[in-house]
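Peer 1: below is the structure, and that's it, no one-letter string:
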């Protein structure tokens with residue numbers, strides 16, 4: 001969040017914020033999963049959306065369900 005605020009102080013251009021869902025965790029079967037669920041992702045993303053961020057999405061560890069929960073929180 002401090003990085004996005006720093007960018008907001010330096011420009012009037014619309015900002016894009018595409019956070020990930022935390023560091024991946026390697027499971028016993030060798031797959032990776034996120035230790036952030038959609039609710040935690042949204043709780044940590046919302047403070048960055050103070051009006052300067054015009055576009056928001058999700059990167060590594062997110063899926064459409066994360067974006068849906070974020071959309072519902074913003075509605």
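Peer 2: Ah, there it is. Please read all numbers here as calculations on a predicted model, not as lab measurements.

Peer 1: what residue is smack in the middle of this protein?
Peer 2: residue 19 (3.5 Å; C-alpha atoms, centre = their mean).

Peer 1: can you tell me what sits against the lowest-mean-pLDDT helix or strand in the chain?
Peer 2: Scoring the helices and strands of the chain by mean pLDDT, DSSP states H and E places strand 32-34 at the bottom, with a mean of 82. Residues outside strand 32-34 that contact it (C-beta atoms under 8 Å, 6 or more residues apart in numbering): 21-22, 24-27, 60-62. Just so you know, the C-beta spots here come from the backbone N, C-alpha and C atoms, and that holds for glycine as well.

Peer 1: those residues in strands, which ones?
Peer 2: Of the positions in these, 24-26 sit in strands, assigned by DSSP state E.

Peer 1: quick one: which of the residues you listed is most hemmed in?
Peer 2: Using other C-beta atoms under 10 Å as the neighbour test, those are led by residue 24, with 15 neighbours.

Peer 1: setting aside sequence neighbours, what's the nearest residue to that one?
Peer 2: Leaving aside its sequence neighbours, residue 24 sits nearest to residue 32 (C-beta to C-beta, 6 or more residues apart in numbering; 4.0 Å).

Peer 1: distance of that neighbour from residue 26?
Peer 2: Distance, residue 32 to residue 26, using C-beta to C-beta, to the nearest Å: 6 Å.

Peer 1: ok, the residue nearest to the centre of the chain - contacts?
Peer 2: Applying C-beta under 8 Å, 6+ apart, the residues near residue 19 are 41, 44-45, 48, 58-59.
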